[in-house]
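Asker: below: sequence and its predicted model.
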Amino acid sequence: MLEIFQYDFMIRAFIAGLIIAVLAPSIGIFLVVKRYSLLTDTLSHVSLVGVALGLLSGINPVLTAIAVSIIAALGMEKLRHAKKIFGESVLTLFLSGGLALSLIIFSASKGLNVNIFSYLFGSIATVSENDLKMMAGFGLFILLIIYFLFKRFFITAYDEELAQANGLPIKLLNITLMILAAITISISMRIVGALLVGALMVIPVLTATQFSKSFLKTFLYGIGISLLSVIIGLFASFYLNLPSGAAIVISALLLFVLSLIINKKT
Amino acid sequence: MSVNHIIEVQNLNFSYNNLPVLDNLTFSVEKGDYVGIIGPNGGGKTTLLKILVGLLKPQSGTIKIFGTDFQKLKNRSEIGYVPQRIAQESVEFPATVYEIVESGLITKKGLVGNISSADKEKINQALKMANIINLKDRLMSSLSGGQRQRVYVTRALVNDPKILILDEPFTGVDIISQKDFYSFLKNLNIREHLTILFVSHDIDTITEEIKTVLCLNRGMFCFGSKDIIHKENTIEELYGKNITHIHHSK
């Protein structure tokens, strides 16, 4: 057996990584085609407020991160719908506000700083058995919703007005997508880290679009590329002693560059 | 109400920020009619269509579709809609023709229903009828403007609508594709008895195709047989300027 699989923590990291690898592009694809990729970064920064509150209160930080990022996602959707603020500016408001607030909470609660780094950049050693169960549960929930709503999310992303004229509840679909994004980001923090999780939601999808022949194929290719990025990244993290999140994102980026080269040659 | 009236609009009012766009509009459309809606920019054409498909709510007035109050209408898929501009059509959205047409049918399936094999057959039939079956696996971004418009109409037709509403479908479409498309619509109107409402700025061509004209300039300027347009000064008064008719060669 490879040395990497002789450690329980690495097996847990691999299982967690594979769950995230499937979830991240499954949600990310809809955000990319809606030109809403920055939402992933915004939600990940906001989720740090939840992490800080969780560490401070002794509640599981992933659960508090989910709660805070869902509240923020609903707030963003409400502001976006009101159309009183430019679309992208809403994201900047929440992104900078979330980061600032989390820093204040972290600095006000001295002694917590030991944990911050693993939430920011991901750490393969921190995934517990309980984390894994929670990720599997949420992961299954998210995939089931995507399975049933896939084609509704697709047409809403393609043209909201057309979807609304056909009688689809676009507000409900948009809110559902944002909640799913918030949960995905929060549960991915352990492995990829809050500052890098957005990349795993976006880069594999961009790589997949280089070869896309349909929306469904782009979705499936995106998952495949994401799985490959996570596997390469976790191996690199273990053997080269790199932060797992950074190693995964660099792998995803290298695959993207490779796709550009292949696409140019064909 | 006449049994043949498929759309009935009464005393319809709509305004944006207290600026009236539709002022006390009343008209009705008979089953199988082919209505051209013309008028200057800002005259309320797109607003009227958006109200008829439920994208905007009027401040007052009533709309009945198939004799039923619009708000109580259960089956919205009986109204096919092709908007003026599709949000993602200019970018590399990785969607095939088949996926776009299929999305028209999924809206009829509620929140969780899925596409059956009978539905797939229906999609293929619609693609054949619109003569775009050979394009079904092509990406939308690889199509011409005319081909894309045909896909959006097919998407609307896959639900067997009773009414087809099109908002300036020829933006960016070349003249040959336009003629081809007009003949496709005429066939649908004559053979399938599909009621069509159509907004266009091409007054000359539209009057060759339609049966009835609705002239809008915030209020209703004229409504009736397309011959109204040819009455002296109708177009000039509607647009507030001298208009020169340009006749396209056949």
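Answerer: Done, it's in.
Asker: how many residues are close by residue 188?
Answerer: Went with chain A since none was named. Neighbourhood size, residue A:188 [other CB atoms under 10 Å in any protein chain shown]: 31. Any C-beta I mention is one placed from the backbone N, CA and C, and that applies to glycine too.
Asker: not what I meant, chain B
Answerer: 21.
Asker: with residue B:198 instead?
Answerer: Residue B:198 sits with 24 neighbouring residues when counted by other CB under 10 Å.
Asker: same thing with residue B:138?
Answerer: 17.
Asker: quick one: it from chain A, how far?
Answerer: Going from residue B:138 to chain A by CB to the nearest CB, to the nearest Å gives 9 Å.
Asker: in contact with that residue, which residues?
Answerer: By CB atoms under 8 Å, 6 or more residues apart in numbering or on different chains, the residues touching residue B:138 are B:96, B:97.
Asker: can you report phi and psi for it?
Answerer: phi -80, psi 150 (degrees, to the nearest 10).
Asker: same question, the one 5 residues further on
Answerer: Backbone torsions for residue B:143, taken as degrees, to the nearest 10, come to phi -90, psi 160.
Asker: and chain A, which residues reach chain B?
Answerer: Counting by CB under 8 Å from any CB of the partner chain, the positions of chain A adjacent to chain B are A:33, A:148-149, A:151-152, A:154-155, A:157-169, A:209, A:212-218.
Asker: where do the helices sit along the chain?
Answerer: Here I'm looking at chain A. Ranges of helices within chain A are A:8-33, A:38-57, A:61-82, A:87-108, A:113-121, A:129-158, A:160-165, A:170-192, A:197-209, A:215-240, A:244-265, based on DSSP state H.
Asker: meant chain B actually
Answerer: B:45-52, B:97-106, B:117-129, B:145-157, B:175-191, B:203-209, B:234-239.
Asker: of all those, which one is nearest chain A?
Answerer: helix B:97-106 (4.0 Å; CB to the nearest CB).
Asker: residue A:58 - how many residues pack around it?
Answerer: For residue A:58, the number of neighbouring residues by other CB under 10 Å comes to 7.
Asker: distance of it from chain B?
Answerer: 39 Å.
Asker: which pLDDT value goes with that residue?
Answerer: pLDDT for residue A:58: 86.
Asker: what do you get for residue A:112?
Answerer: For residue A:112, pLDDT reads 60.
Asker: what about residue A:259, neighbour count?
Answerer: By other CB under 10 Å, neighbour count at residue A:259 equals 19.
Asker: over to residue B:111?
Answerer: 12.
Asker: show me the residues around it that make contact.
Answerer: A:148, A:149, A:152, A:169.
Asker: buried ones among the residues of chain A next to chain B?
Answerer: In the residues of chain A next to chain B, burial by neighbour count holds for A:33, A:149, A:151-152, A:154-155, A:157-168, A:209, A:212, A:214-216, A:218, counting by 16 or more other CB atoms under 10 Å in any protein chain shown.
Asker: around chain A, pick out the residues from chain B.
Answerer: Residues of chain B lying near chain A by CB under 8 Å from any CB: B:53-55, B:76-77, B:81, B:83, B:86-88, B:92-96, B:98-100, B:102-104, B:106-107, B:111-112, B:114-115, B:137, B:139.
Asker: make a ChimeraX selection of the buried ones in those.
Answerer: Remark: buried members of the residues of chain B next to chain A, expressed as a ChimeraX selection using 16+ other CB under 10 Å:
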select /B:53,54,55,76,77,81,83,86,87,88,93,94,95,96,98,99,100,102,103,104,106,107,139
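Asker: mind checking which of the residues of chain B next to chain A are in strands?
Answerer: Counting by DSSP state E, the residues of chain B next to chain A place residue B:81 in strands.
Asker: per-residue pLDDT, residue A:204?
Answerer: 97.
Asker: ok, the nearest residue to residue A:126 once chain neighbours are set aside - contacts?
Answerer: The shortest distance from residue A:126 to any non-neighbouring residue, by CB to CB, 6 or more residues apart in numbering or on different chains, is to residue A:118 (5.0 Å). Counting by CB under 8 Å, 6+ apart, residue A:118 makes contact with A:126, A:190, A:193.
Asker: the closest residue to residue A:23 other than its chain neighbours and residue A:155, how far apart?
Answerer: Nearest residue to residue A:23 in three dimensions, chain neighbours excluded: residue A:184, at 4.8 Å (CB to CB, 6+ apart). Separation of residue A:184 from residue A:155 (CB to CB, to the nearest Å) stands at 22 Å.
Asker: hang on, residue A:190 packs against residue A:127?
Answerer: Yes. Counting by CB atoms under 8 Å, residue A:127 is a contact partner of residue A:190 at 5.3 Å.
Asker: separation between whichever residue of the stretch 1-150 of chain A sits closest to chain B and residue A:29?
Answerer: Nearest to chain B, among the residues of the stretch 1-150 of chain A, is residue A:148, at 4.6 Å (CB to the nearest CB). According to CB to CB, residue A:148 stands 16 Å off from residue A:29.
Asker: got the confidence number for the residue lying farthest from the centre of chain B?
Answerer: No residue in chain B sits farther from the centre than residue B:117, which is 29.0 Å out by CA atoms, centre = their mean. Looking at residue B:117, its pLDDT reads 91.
Asker: also residue A:5?
Answerer: We have a pLDDT of 85 for residue A:5.
Asker: using PDB, write out every CA atom in stretch A:184-200.
Answerer: The C-alpha coordinates for stretch A:184-200 follow below in PDB (Å, rounded to 0.1, in the frame of the first residue of the first chain):
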ATOM      1  CA  THR A 184     -20.500  23.800  -0.200                       C
ATOM      2  CA  ILE A 185     -18.100  26.500   0.700                       C
ATOM      3  CA  SER A 186     -18.400  26.000   4.500                       C
ATOM      4  CA  ILE A 187     -17.900  22.300   4.400                       C
ATOM      5  CA  SER A 188     -15.000  22.600   2.000                       C
ATOM      6  CA  MET A 189     -13.000  24.900   4.200                       C
ATOM      7  CA  ARG A 190     -11.300  22.100   6.200                       C
ATOM      8  CA  ILE A 191      -9.500  20.800   3.100                       C
ATOM      9  CA  VAL A 192      -9.300  23.600   0.600                       C
ATOM     10  CA  GLY A 193      -9.400  26.600   3.000                       C
ATOM     11  CA  ALA A 194     -11.800  29.600   2.900                       C
ATOM     12  CA  LEU A 195      -9.500  31.700   0.700                       C
ATOM     13  CA  LEU A 196      -9.100  29.100  -1.900                       C
ATOM     14  CA  VAL A 197     -12.400  27.200  -2.100                       C
ATOM     15  CA  GLY A 198     -13.800  29.600  -4.700                       C
ATOM     16  CA  ALA A 199     -11.000  28.500  -7.100                       C
ATOM     17  CA  LEU A 200     -12.100  24.900  -6.900                       C
END
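Asker: model confidence over that stretch, on average?
Answerer: The model assigns stretch A:184-200 a mean pLDDT of 88.
Asker: re the thing from before, which one (most neighbours) among the contacts of residue A:118?
Answerer: Among the contacts of residue A:118, residue A:190 has the most neighbours (other CB under 10 Å), with 31 neighbours.
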